[in-house]
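**Student:** next comes the sequence, and after it the predicted model I'd like to discuss.
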Amino acid sequence: MTATAPAPPPVTIEAAAPTTSTTRPSGPQTEFGNGTCKVGEDIVAGTYKTAGPGTDSFVNNCCWERDKNDTGSFDAIIANDNIAGPTRITLKKGEFFKSSGGCTWKKS
């Protein structure tokens, strides 16, 4: 009679879950999109430019607003505009900048 060795138990290999980082780099940013940013805290003070809204944008313009504070009051507005193409703007430390419409702003 011939004896056969039992089959080895199956080996289970667990793959490590992919790592993704959702944290922003520390410190103020030099590129941003839609939202409200505090200049000097969320974004670096200076001159920013945008090419305008993307070609896949639902609306063909972006709205931006510079504010003295983040209260939303009319008298807090320093300047604002609706743009459909390339634009450049200078932001000062301490003010707030709001953008909507899909423009990407990059420090120049």
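**Tutor:** Looks like it came in fine.
**Student:** what about Asp67, how many residues nearby?
**Tutor:** 20 (other C-beta atoms under 10 Å). Where you see a C-beta, it was placed from the backbone N, CA and C, and this is true even at glycine.
**Student:** what's the spacing between it and Gly101?
**Tutor:** Asp67 sits at a distance of 17 Å from Gly101 (criterion: C-beta to C-beta, to the nearest Å).
**Student:** and the residue nearest the centre of the chain, how far is that from Pro53?
**Tutor:** Central residue of the chain (C-alpha atoms, centre = their mean): Phe32, 4.3 Å from the mean position. Look at Phe32 and Pro53: by C-beta to C-beta, they are 15 Å apart.
**Student:** also Ser108?
**Tutor:** According to C-beta to C-beta, Ser108 stands 18 Å off from Pro53.
**Student:** any weak-confidence spans in the chain?
**Tutor:** 1-25, 55-59 (pLDDT under 70).
**Student:** the strands in it, which residues?
**Tutor:** 31-32, 35-38, 46-50, 62-67, 77-83, 87-91, 96-100, 105-107 (DSSP state E).
**Student:** what are the pairing partners of the last one, and which direction each?
**Tutor:** Here strand 105-107 is paired, per DSSP bridges, with strand 31-32 (antiparallel), strand 46-50 (antiparallel).
**Student:** how close does Glu65 sit to Ile77?
**Tutor:** 6 Å.
**Student:** between the two, point out the one with more neighbours.
**Tutor:** In this view Glu65 and Ile77 are compared by other C-beta under 10 Å, and Glu65 has more residues nearby, 16 against 13.
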